[in-house]
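**Q** Any chance you could fold what I've pasted below:
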Amino acid sequence: MDDHWYGLPAPTEATQAWGARAIYTPNEKPWLTFLWDRQSYKGATIPKKLFKSLVAELRREVKKAQVGLEEDRLCSGGSFRHPWHILFNPRASHGYMYCLIWRT
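**A** The predicted structure follows:
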């Protein structure tokens with residue numbers, strides 16, 4: 001079993017989490033691309049409808065934050081649904097966005 005986690009690390013208190021390392025190209029379309037083999041999960045599967053809604057919220061928050069490719073800035077979603085948390089950071093990677101959606 002592979003213990004590698006993609007995306008920002010999930011806190012130990014998280015009961016459910018999804019992490020991803022997305023391709024981030026803020027000046028092109030698509031500007032945020034999630035690859036199927038660069039995603040990680042913890043706990044029970046997030047229901048599909050809720051997951052799509054949370055990822056849409058993540059995309060909106062990344063766009064609103066206007067984070068530069070060279071920045072190492074941890075950002076959080078602004079209007080996410082309780083008890084879900086949304087975090088993202090490009091980690092000065094010049095092309096990736098490390099993402100995390102989690103709950104306790």
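**Q** Go ahead and confirm Gly43 touches Thr15.
**A** Yes - with contacts counted by Cβ atoms under 8 Å, Gly43 reaches Thr15, the gap being 5.0 Å. Yep, even glycine has a C-beta here, placed from its N, CA and C like the rest.
**Q** Poorly predicted segments of the protein, please.
**A** Applying pLDDT under 70 to the chain flags the ranges 1-2, 78-81.
**Q** Now do the strands in it.
**A** Using DSSP state E, the strands of the chain run over 16-24, 32-33, 39-42, 75-76, 85-89, 96-103.
**Q** nearest to Leu54, of the ones you listed?
**A** For those, proximity to Leu54 was assessed by Cβ to Cβ; strand 96-103 is nearest, at 5.0 Å.
**Q** Please list all residues in contact with Ile101.
**A** Ala17, Trp18, Gly19, Ile46, Leu54, Val55, Leu58, Trp84, His85, Ile86, Leu87 (Cβ atoms under 8 Å, 6 or more residues apart in numbering).
**Q** if you set the cut-off to 7 Å instead, what comes out?
**A** Contacts for Ile101 were tallied using Cβ atoms under 7 Å, 6 or more residues apart in numbering; they are Ala17, Trp18, Leu54, Leu58, Trp84, Ile86.
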